[in-house]
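Chemist: Just need the structure, nothing else, for what follows:
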Amino acid sequence: MRELFNSPRRPTIAPGRKARPIPHPSPTADSSAPPAGSPPTAPCPVDAALIARAVDDGAAAADRRAAFGDLVDRHADRVHDTLAKLLGDPHEASDAAQEAFLKAWRKLNTFRGDSSFRTWLTRIALNAAASRRRTAARRGSRTGLPPVPREDVRAAAPDAATLGEERDEAVRAAVAELAEEFQTVVVLKEFEELSYEEIAEVVGVPIGTVRSRLHRGRAELKRRLAPLLRESVGEPQAAEAPR
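Modeler: Residues are numbered from 1 along each chain as shown. Got it, this is the predicted structure:
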């Protein structure tokens with residue numbers, strides 16, 4: 001994804017789709033800033049230095065793009081992984097990630113630096129995911145992984161690796177079936193390992209609401225995965241040789 005930002009002309013996003021030039025960041029209102037009163041998270045010095053270079057009006061355009069390209073390198077994998085968990089489709093996640101980074105580039109001058117770039121960027125990525133969900137809903141399609149049949153999860157696997165893959169798939173499917181407000185906090189906490197404070201910044205709700213949604217999301221996941229959990233508990237007993 002770095003190549004989107006290290007040359008004056010952005011390459012084609014996908015076959016048959018025309019590339020759009022990347023505009024320079026402009027100081028416009030930032031709708032992706034964390035809510036007032038949220039506890040700040042410490043900014044990363046490396047990110048801060050790259051941002052300073054990327055928004056330096058006295059620098060050459062190529063140098064500014066190169067600095068932002070370094071930011072993309074640092075965060076692209078994590079953003080894509082988060083979006084893939086939320087949208088359940090790697091192609092949708094790739095498109096949403098590109099949208100998120102393009103918006104971040106346009107809004108970079110509005111980044112205040114009183115919170116981490118990671119949380120600011122994640123908030124933009126979540127907005128991109130929500131936009132794609134709304135578009136899918138209008139078209140009558142559905143984002144997210146389809147449910148995994150429980151009989152497939154419970155079927156005997158030929159080896160531990162296959163069984164582990166089936167369990168991972170079952171967990172991803174269960175996460176995809178959660179309501180969006182619960183799914184988001186579960187993904188950010190359990191998979192991305194953000195703190196409660198960071199999640200509050202990203203989602204734009206109080207920490208107490210984050211804790212409540214996380215509790216309800218975990219409870220729903222436990223309910224959906226109950227057959228798999230019972231099977232996991234029973235496996236060692238089934239494998240034990242009779243005395």
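Chemist: And the strands in this structure?
Modeler: Assigned strands in the chain: none (criterion: DSSP state E).
Chemist: hey, which helix is longest across it?
Modeler: Secondary structure of the chain per DSSP state H: the longest helix is helix 61-87.
Chemist: count of residues packed around A179?
Modeler: Using other C-beta atoms under 10 Å, A179 is surrounded by 11 other residues. Placement of C-beta: from N, CA and C, glycine included.
Chemist: ok, for P90, nearest residue in space, not its chain neighbours?
Modeler: Once flanking residues are discounted, P90 sits nearest to A84: 5.3 Å by C-beta to C-beta, 6 or more residues apart in numbering.
Chemist: model confidence over stretch 221-228, on average?
Modeler: Per-region confidence: stretch 221-228 scores 84 on mean pLDDT.
Chemist: for the protein, which spans come out with low pLDDT?
Modeler: Counting by pLDDT under 70, the chain contains low-confidence ranges at 1-43, 141-164, 229-243.
Chemist: Could you rerun that using 90?
Modeler: Residues of the chain that meet the criterion pLDDT under 90 lie in 1-44, 85-90, 112-116, 132-178, 190-193, 201, 221, 224-243.
Chemist: Identify the structural domains in it and state their residue ranges.
Modeler: Taking automatic domain parsing as the domain assignment, the ranges for the chain are 2-8+42-139, 150-234.
Chemist: coming back round to it: now do the buried residues in the longest helix of the chain.
Modeler: For helix 61-87, the neighbour count (16 or more other C-beta atoms under 10 Å) marks 64-72, 74-76, 78-87 as buried.
Chemist: packing partners for it?
Modeler: Contacting helix 61-87 under the criterion 3 or more C-beta pairs under 8 Å, 6 or more residues apart in numbering; DSSP states H and E are the following elements: helix 45-54, helix 90-107, helix 117-139.
Chemist: Cool, thanks, signing off.
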